[in-house]
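A.B. asks: here are the coordinates; sequence isn't available:
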């Protein structure tokens with residue numbers, strides 16, 4: 001069974017907001033309130049990873065600090081059972097979409113991306 005992209009809009013960061021995301025492995029794409037692509041990531045537990053991005057106290061990267069400042073975010077995610085599958089999809093999306101908050105050494109940053117996954 002192939003997993004489809006699922007979209008979740010988060011504009012209420014009340015306690016438990018991250019529970020709308022699965023505690024499963026996959027790749028995710030974060031957009032701002034204007035539907036501008038901002039970040040592509042992957043995790044073995046999507047809900048926990050998105051939560052750590054959003055919580056300002058866990059801002060150990062530039063992307064997490066910026067995600068923590070969003071008033072509203074749109075997240076698209078796709079589940080995967082195999083580690084190699086979601087890691088490869090993440091790498092392909094980063095290469096193709098050039099998300100501005102993903103740091104890739106030696107690559108120019110795109111300031112106003114318009115491409116979207118799936």
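C.D. replies: Sure, I can see it. On a predicted model such as this, the values are computed, not experimentally measured, just so you know.
A.B. asks: Distance check, the closest residue to residue 22 other than its chain neighbours against residue 34.
C.D. replies: Distances taken as CB to CB, 6 or more residues apart in numbering put residue 46 closest to residue 22, at 5.6 Å, once the chain neighbours are dropped. In short, each C-beta sits where N, CA and C put it, glycine included. Noted for residue 46: a distance of 23 Å to residue 34, by CB to CB, to the nearest Å.
A.B. asks: Comparing these two, which residue is more hemmed in?
C.D. replies: Shown here are residue 46 and residue 34; by other CB atoms under 10 Å, residue 46 has more neighbours (25 against 8).
A.B. asks: And that one, what's its pLDDT?
C.D. replies: Per-residue confidence (pLDDT) for residue 46: 95.
A.B. asks: cool, and residue 100?
C.D. replies: pLDDT at residue 100 comes out at 91.
A.B. asks: Which of the helices or strands spans it?
C.D. replies: Applying DSSP states H and E as the criterion places residue 100 outside every helix and strand.
A.B. asks: thought it was touching residue 32?
C.D. replies: No - the criterion here is CB atoms under 8 Å, and residue 100 misses it with residue 32 at 10.2 Å.
A.B. asks: Excluding chain neighbours, what is closest to residue 9?
C.D. replies: Sequence neighbours aside, residue 74 is the residue nearest to residue 9 in space, at 5.2 Å (criterion: CB to CB, 6+ apart).
A.B. asks: Under the pLDDT cut-off, which ranges of the protein? List them.
C.D. replies: For the chain, the stretches flagged by pLDDT under 70 are 1-2, 56-60, 104-118.
A.B. asks: Which residues does the helix or strand containing residue 42 contact?
C.D. replies: Following DSSP H and E, one finds residue 42 within strand 37-43. With contacts defined as CB atoms under 8 Å, 6 or more residues apart in numbering, strand 37-43 is touched by 25-32, 49-50, 53, 63, 66-67, 70, 86-87, 89-90, 93-94, 97, 99-102, 113-117.
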